[in-house]
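> Requesting a structural model of the entry that follows:
(2 chains)
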Amino acid sequence: MEICRLNNEIEISELDPFLAELLRQIPASTDPEGVSAAERRLFSPPADPSETEICAEWKLYVKPELRRLFQTATETVAADLEQLRGNEKAFANRTLRIPSKHAEAWLSALNQARLVIAAKYDFTDGELCDHYRSPIGSRRDLSLFQVNFYGFLQEFILRELDGWDKRSED
Amino acid sequence: MTVMRFSVPKNAGPSTVDEPTIEKETRSKEDVDLPWQVVVHNDPVNLMSYVTMVFQRVFGYPREKAERHMLEVHHNERSILWSGMRERGELYVQQLHGYLLLATLEKAG
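Reported below is the predicted structural model:
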């Protein structure tokens, strides 16, 4: 897999079928449905529970707004991932182009997915720092790889965003 | 870009001066007097570079200051990012949650 910036796009090329499938799984991975720890992490309390007024207002007004915000980002990413569907041979390497204006949505969706997966598997700090764990021998190993792969993409997008910000300041 | 909804300030409106109205006090004296703090808590999943970027975006901090706070969160489990009036603090916490950071509003002291 290669990742680079081309004008106002991030291009991920030489995507093998395995990594392409992991990318396709981003939108589904953001869904905390049925995993209470993940729901609690995405929608964490804004204050100590003793601050009843703040917590009640938050639940009523802010939480639905956050849910919409996260969903919009996920929908943008899902639309970009349509590029990975097509008539090409199933085992051919693929290319994905992310417009710079979608970079924020990708950061959000990747973060949602990482948080939901991490909450679902309750990874330890040690596991999350173990970037070279191999081989992948279980669903847990695969999910940890997924968290790290999404983190790698986040790092690249962040670096590019920083570059875009600096260029726009010039 | 994260879009957050901001409430219209209570003093926004026509430039003419109306008779002052006495608003019903709904918060205790303690709530009004005490400053509030926006606290960010450690989370092993969020990337350090991501947290730094969020602090720069939300608070307008230069990179060095944002990194100092990020490292404080990382090493001390929490960092106080801002203190002041409650309504502003609530908006900051809302923005931080929009970026999926663990943030809370706490009474100072």
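> okay, CA-based contacts and neighbour counts for the rest of this
Noted.
> which bits of chain A sit near chain B?
A:42-48, A:62, A:66, A:69-70, A:104-105, A:108, A:111-112, A:114-115, A:118, A:125, A:128, A:151, A:154-155, A:158 (C-alpha under 8 Å from any C-alpha of the partner chain).
> name the element the residue nearest the centre of chain A belongs to?
Closest to where the C-alpha atoms of chain A average out (C-alpha atoms, centre = their mean) is residue A:110, at 0.9 Å. Taking DSSP states H and E as the definition, one finds residue A:110 inside helix A:103-121.
> Over that helix, what's the mean pLDDT, rounded is fine.
Regarding helix A:103-121, the rounded mean pLDDT is 97.
> how about the helices of chain A, start to end?
Ranges of helices in chain A, per DSSP state H, are A:17-24, A:26-29, A:36-42, A:52-57, A:63-80, A:103-121, A:125-129, A:139-169.
> What sits closest to the residue nearest to the centre of chain A if chain neighbours are left out?
Leaving aside its sequence neighbours, residue A:110 sits nearest to residue A:150 (C-alpha to C-alpha, 6 or more residues apart in numbering or on different chains; 5.9 Å).
> so how many other residues sit close to the one residue in chain B that gets nearest to chain A?
Going by C-alpha to the nearest C-alpha, chain A is nearest to residue B:104 of chain B, at 4.6 Å. Applying the criterion other C-alpha atoms under 10 Å in any protein chain shown, we find 23 residues in the vicinity of residue B:104.
> wait, is it part of a helix?
No: secondary structure assignment places residue B:104 outside any helix; it is strand (DSSP: H, G, I helix; E, B strand; the rest coil).
> Where does pLDDT dip in chain B?
Scanning chain B for pLDDT under 70 picks out B:1-33.
> Show me which residues of it are close to chain A?
So chain B meets chain A at B:1-3, B:44-47, B:49-50, B:93-94, B:97-100, B:102-106 (C-alpha under 8 Å from any C-alpha).
> Which parts of chain B are strands?
Applying DSSP state E to chain B gives strands spanning B:36-41, B:78-84, B:103-107.
> and the helix holding residue A:110, how far out from the chain's middle?
4 Å (C-alpha atoms, centre = their mean, to the nearest Å).
> And the closest residue to residue A:30 other than its chain neighbours, how far from chain B?
Counting by C-alpha to C-alpha, 6+ apart, residue A:30 lies nearest to residue A:113, which is 4.2 Å off, once chain neighbours are set aside. Here residue A:113 is placed at a distance of 11 Å from chain B (C-alpha to the nearest C-alpha, to the nearest Å).
> Do I have it right that residue A:113 meets residue A:25?
No: the pair residue A:113 and residue A:25 fails to qualify as a contact (C-alpha atoms under 8 Å) at a distance of 9.0 Å.
> More neighbours: which of the two?
Between residue A:113 and residue A:25, residue A:113 has the larger neighbour count (other C-alpha under 10 Å), namely 27 against 15.
> Helices of chain B, start to end?
Along chain B, counting by DSSP H, helices occupy B:29-33, B:48-59, B:63-76, B:86-98.
> and those, which is most packed in?
Burial of the helices of chain B is given as mean neighbour count (mean count of other C-alpha atoms under 10 Å in any protein chain shown); helix B:86-98 ranks first at a mean of 20.
> if we can go back for a sec, settle this for me: the residue of chain B closest to chain A is touching residue B:78, isn't it.
No: the pair residue B:104 / residue B:78 is not scored as a contact, 10.2 Å apart, by C-alpha under 8 Å.
> I appreciate the help and will end here.
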